[in-house]
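Asks: need the 3D shape of this:
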Amino acid sequence: MSLSLNDIESLFTQHGGTQYSGEPVTQLEHALQTAWLAEQTGSDDELVTAALLHDLGHLLVHHGDSPTLQGIDDLHQFVALPFLRGVFSARVLGGIQLHVDAKRYLCATRAGYQQALSPDSQRSLQLQGGVFSAEEAHAFALNPHAQEAVALRLWDDLAKQPALYTPPLRHYLARAMRCQLA
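Replies: Okay, here's the model as predicted:
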């Protein structure tokens, strides 16, 4: 079963007000801020849509306030993919799927990145397999969606600011509509 844009809007309406895993923003605020940051760089509709939907899996699987505090990797980067296949391109899906591995990659390749992660993101890093080895980082970099996933990951890290103004969800759903598959 695929999710329509109305279904996605309903998920954000029903669950977007929940706290974003130990961060000072809600799930919806985090999604909107990530999409807004992508938009600020001039990213196209597909990358902005990937930024908006990168954590949609958290809205589909509920583990309480913060799965990491319970020692759970909720595999959120994979959960939404079956529902979005056939709705969005491989480029949108690739950004969503790879944003966790992009964190592991950045920890391996960018000095100071791991230390700058929020406490919840550091906990999830360990649950998600830890820092990539040199071989894993090299293999990740060869993925055709790797660099966009890295950009998305960096926006994800910044999208945790309380009371930051962003356009509303409908603005980003309109962008998502433009890049839906026929």
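Asks: for residue 113, give me its contacts.
Replies: 106, 107 (Cβ atoms under 8 Å, 6 or more residues apart in numbering). Every residue, glycine included, has its C-beta placed from N, CA and C.
Asks: report the separation between it and residue 48.
Replies: 23 Å (Cβ to Cβ, to the nearest Å).
Asks: now the residue nearest the centre of the chain: phi and psi?
Replies: Closest residue to the average C-alpha location of the chain: residue 54 at 2.7 Å, with Cα atoms, centre = their mean. Reported as degrees, to the nearest 10, the phi and psi values for residue 54 are phi -60, psi -30.
Asks: from residue 133, how far out is it?
Replies: Distance from residue 54 to residue 133, by Cβ to Cβ: 24 Å.
Asks: with only the CA atoms kept, save the helix of greatest length in the chain in CSV.
Replies: Identified as the longest helix of the chain according to DSSP state H is helix 90-109. C-alpha atoms of helix 90-109 as CSV (Å, rounded to 0.1, in the frame of the first residue of the first chain):
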residue,chain,number,x,y,z
ALA,A,90,14.7,6.5,-6.3
ARG,A,91,16.4,9.8,-5.6
VAL,A,92,13.9,10.8,-3.0
LEU,A,93,13.9,7.3,-1.5
GLY,A,94,17.7,7.2,-1.6
GLY,A,95,18.0,10.3,0.5
ILE,A,96,15.6,8.9,3.1
GLN,A,97,17.3,5.4,3.2
LEU,A,98,20.8,6.7,3.3
HIS,A,99,20.6,9.6,5.8
VAL,A,100,21.5,7.3,8.7
ASP,A,101,24.5,5.8,6.9
ALA,A,102,25.5,9.4,6.0
LYS,A,103,25.8,10.1,9.7
ARG,A,104,28.1,7.0,10.1
TYR,A,105,30.1,8.2,7.0
LEU,A,106,30.5,11.8,8.3
CYS,A,107,31.7,10.4,11.7
ALA,A,108,34.4,8.5,9.8
THR,A,109,35.4,11.2,7.4
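Asks: so for that helix, mean pLDDT?
Replies: Helix 90-109 carries an average pLDDT of 97.
Asks: can you pull the buried residues of that helix?
Replies: 91-109 (16 or more other Cβ atoms under 10 Å).
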